[in-house]
Structure formats: structure tokens, C-alpha cells
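Enquirer: build me a model:
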Amino acid sequence: MLNSSYLIRKMTKQDLDEVMIIEIESFTMPWSRESYEAELENQYASYLVCDYAGEVAAYAGMWSVYEEAHITNVAVGKEFRCQGMGRNLMLEEEKLARAKKAERILLEVRPSNSAALAMYQGLGFIPTSIRKQYYSNNQEDALIMTKYLDKV
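Expert: Purely as a prediction, here's the structure:
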């Protein structure tokens, strides 16, 4: 997908240095580089980046297994936030989920992450469950949100 200022494309190993910078600045419990390397080899995973003038500005990942897609992570570099990149990455992941015949997309989000909650709700995700004490760093619950995909 091409926007006037950025391109959404598949994540590659060459992107991982920049992905890790965004990962560390975005999450209190960041994934390791090795985790991303493994995900790039995972046949069920789809990882995308938002490439802004050759720089990774944002990324998103998803697993698709049978009728379910699961968003693993979405992050936008600090200087690129509030420009629609996260939303556009989510829309591209949704297209991939539909192409793989997923019936729903799930994700976990911190209830305290109001920006992410607003984005997900704006994309049609609804709260469907809670995972108690999901986040080990502070025992915060995770809100499970689901988007049911219409069959086309």
C-alpha cells in the first residue's frame, strides 16, 4: 500500500535494528530481537512495516491460524505517531487476515492505553473478555478485543 508519504511492506531482517528502537521506546516489556527473527520465519505470521523515506516508522504483526487472526503487536515511532500509520497497518493486516479466510481478529491491549483503545474501537474492535493480571511487569489486566470479519 502506498500513501503520499510512506509505503507499507513486509518486514525483513534488515528492518530489525529500526524495529527494535521503536519496540524499546513503545513497550515496557519489549520483545527481543531473537523473537522477531523467529517471527519472520514463522509460516503463520505476517509482519508489516511502514517505510517512510527508507526509515521504519511503524510496524505490526499478526498470526493467522485457521479461522482466527491474532494481532501480536503494533507500534509507531514517537516522531510518527498520530499520523494514521498504526491504523493503516491494522487495515493491511485485516486484508491479510481476510485473504487467509479468518473469521475474526483478536488482540490484547492494556486498559490504560487510551490511544490504542481509541484506534481499535475506531477500526470496529469490541471488548470481548479480560485476561487477569496478563502483564507481568505490573499485573495489569489485558482487555481482549475482537473484530468479527464479515464473509464476503
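Enquirer: tell me the mean pLDDT over the host helix or strand of residue 95?
Expert: Following DSSP states H and E, one finds residue 95 within helix 85-99. Averaging pLDDT along helix 85-99 yields 96.
Enquirer: ok, then the element right after it?
Expert: Following helix 85-99 in sequence, per DSSP H and E, is strand 104-109.
Enquirer: who's in contact with the longest strand along the chain?
Expert: Taking DSSP state E as the criterion, the chain has its longest strand at strand 55-65. Residues outside strand 55-65 that contact it (CB atoms under 8 Å, 6 or more residues apart in numbering): 6, 11, 15, 18-19, 22, 39, 42, 44-51, 69-77, 79-80, 85-86, 89-90, 92-93, 96-97, 100, 102, 105. C-betas here are computed from N, CA, C, even on glycine.
Enquirer: cool, and stretch 10-26?
Expert: 30-31, 33, 36-37, 40, 46-49, 55-56, 58-59, 61, 73, 75-78.
Enquirer: inside helices: which ones of these?
Expert: 33, 36-37, 40 (DSSP state H).
Enquirer: show me what stretch 113-128 is in contact with.
Expert: 74, 81, 86-87, 90-91, 94, 105-107, 109-111, 143-147.
Enquirer: go again using 7 Å as the cut-off
Expert: Applying CB atoms under 7 Å, 6 or more residues apart in numbering, the external contacts of stretch 113-128 come out as 86-87, 90, 107, 109, 143-147.
Enquirer: state the mean pLDDT of stretch 26-38.
Expert: Mean predicted confidence for stretch 26-38 is 93.
Enquirer: can you check the distance spanned by it, start to finish?
Expert: The straight-line separation of the ends of stretch 26-38 (CA to CA, to the nearest Å) is 20 Å.
Enquirer: buried ones in that stretch?
Expert: By 16 or more other CB atoms under 10 Å, the buried positions in stretch 26-38 come out as 26, 31, 36.
Enquirer: now the contacts of strand 55-65: which count as buried?
Expert: Neighbour counting with 16+ other CB under 10 Å marks 6, 11, 15, 18-19, 22, 39, 45-51, 69-77, 80, 85-86, 89-90, 92-93, 97, 100, 102, 105 as buried within the contacts of strand 55-65.
Enquirer: the longest strand of the chain: how far from the chain's middle?
Expert: 5 Å (CA atoms, centre = their mean, to the nearest Å).
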